[in-house]
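> what shape does this take:
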Amino acid sequence: MKLSFSPLQLLSPVQLIFCLILFFLPWIELSCTLPPDVAKNAPPGELEKLKKDTGIDPSRPIRMYTQSGLQIATGDVSVSPDFEKGVERVRGGAGAGPGPKFGPDPSNKADGQTAPLLFLFPVALLAGIVIGFVPWPHLARRLVLVVCCLGAMGIVGAHAAIGFPLEKEIAKQKEKMKGGGAFGAAPGAKAAPGTAGEPEVFRVRWQIPLYLTLILLLGAAGTAFLDAGLTAKKKPKRRYRADEEYEDDEEEEERPRKRRPKAVDEDEDERPARKPKFEVVDEDEDEPPRKRPKPRRRDEDEDDDRPRRSRRRDDD
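Next up, the predicted model:
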């Protein structure tokens with residue numbers, strides 16, 4: 001398995017790390033708004049007195065509870081400090097017991113619904129972070145990383161589509177308030193068709209960390225393939241003199257060695273030369289040998305012009 005690392009490989013795991021941090025920040029918020037008809041029919045100076053006593057402006061939405069991703073999974077809530085102070089002032093001034101409960105009670109976790117499927121969200125994130133940092137440029141690593149990102153996104157998206165537990169609890173409280181004739185509605189009455197419904201007193205809003213989580217998960221899945229076919233450039237290896245000499249020795253061993261001429265001894269010169277295995281036959285040797293002319297006997301008298309026969313007779 002060949003290992004290589006590319007800087008583009010860091011994009012997906014870094015985004016997953018941010019998603020893991022956002023899991024512990026508020027995802028949803030429950031706020032309360034004073035109905036318009038109550039604010040309109042209130043005695044003069046009553047709202048100002050309420051604001052002075054509780055420190056809460058009733059003309060604006062009041063932040064009550066918040067839930068992070070982990071708190072949604074465990075069924076816990078965080079009470080807004082301003083809302084808690086205002087409720088304590090009202091209870092202390094009136095000397096009354098606890099008022100009506102809207103939404104889950106933070107002191108009793110059994111009442112709040114849990115979302116155990118959200119515990120798989122950090123598991124998928126951690127798996128994607130570990131796989132994202134593995135220096136293995138293979139398609140299988142990228143596919144597993146995409147599966148982790150889309151799996152985490154599917155877990156959050158499913159809860160957002162069907163509604164978080166706090167949203168379901170508030171919907172139940174609204175139905176009870178409508179059935180009891182709260183805020184001027186008759187018991188069991190329904191809004192007439194074509195008219196505006198009941199004013200939304202309690203409202204659950206998604207917070208910025210939840211939106212960022214969904215965006216980062218989608219971005220991490222998209223950047224998982226950016227390092228496809230890219231490998232980090234290798235730094236040139238520093239060469240030392242000993243390494244070069246070692247490589248030269250290896251090259252010399254791989255080269256075919258030339259035969260060196262043997263030293264000629266003086267005694268070998270007197271030995272007869274070996275006959276070649278194959279003799280070169282000349283074409284002229286096939287012809288019959290020619291007779292050589294006999295050498296002419298020179299006479300003492302070279303100036304003698306007589307014919308040869310007459311000369312022989314005279315000699316006899």
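> sec struct for W27, please.
strand (DSSP: H, G, I helix; E, B strand; the rest coil).
> my read is that it contacts Y65, right?
No: checked against C-beta atoms under 8 Å, the pair W27 and Y65 is beyond contact range at 11.8 Å. Placement of C-beta: from N, CA and C, glycine included.
> can you tell me the helix or strand for V146?
helix 139-162 (DSSP states H and E).
> the helix or strand that that helix is followed by packs against which elements?
As assigned by DSSP H and E, the chain's next helix or strand after helix 139-162 is helix 165-179. Helices and strands touching helix 165-179, by 3 or more C-beta pairs under 8 Å, 6 or more residues apart in numbering; DSSP states H and E, are strand 26-32, strand 202-206.
> would you mind writing the CA trace of helix 165-179 as PDB?
Extracted C-alpha coordinates of helix 165-179, given in PDB (Å, rounded to 0.1, in the frame of the first residue of the first chain):
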ATOM      1  CA  PRO A 165     -38.500  16.600  21.100                       C
ATOM      2  CA  LEU A 166     -38.900  20.200  22.300                       C
ATOM      3  CA  GLU A 167     -40.900  21.100  19.300                       C
ATOM      4  CA  LYS A 168     -43.200  18.200  19.800                       C
ATOM      5  CA  GLU A 169     -43.700  19.100  23.500                       C
ATOM      6  CA  ILE A 170     -44.600  22.700  22.600                       C
ATOM      7  CA  ALA A 171     -47.100  21.400  20.100                       C
ATOM      8  CA  LYS A 172     -48.800  19.400  22.800                       C
ATOM      9  CA  GLN A 173     -48.900  22.400  25.100                       C
ATOM     10  CA  LYS A 174     -50.500  24.500  22.400                       C
ATOM     11  CA  GLU A 175     -53.200  21.900  21.900                       C
ATOM     12  CA  LYS A 176     -53.900  21.900  25.600                       C
ATOM     13  CA  MET A 177     -54.100  25.700  25.700                       C
ATOM     14  CA  LYS A 178     -56.500  25.700  22.700                       C
ATOM     15  CA  GLY A 179     -58.700  23.100  24.300                       C
END
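> where in the stretch 51-200 of the chain is pLDDT low?
51-55, 58, 86, 89-112, 179-199 (pLDDT under 70).
> all helices for it, in order.
Assigned by DSSP state H, counting those that start in this stretch, the stretch 51-200 of the chain shows helices spanning 69-74, 81-94, 120-132, 139-162, 165-179.
> other residues contacting the first one?
Read that as helix 69-74. Taking contacts as C-beta atoms under 8 Å, 6 or more residues apart in numbering, the residues outside helix 69-74 that touch it are 22-25, 27-28, 77-78, 109, 114-119, 121, 156, 159, 164-166, 210, 213.
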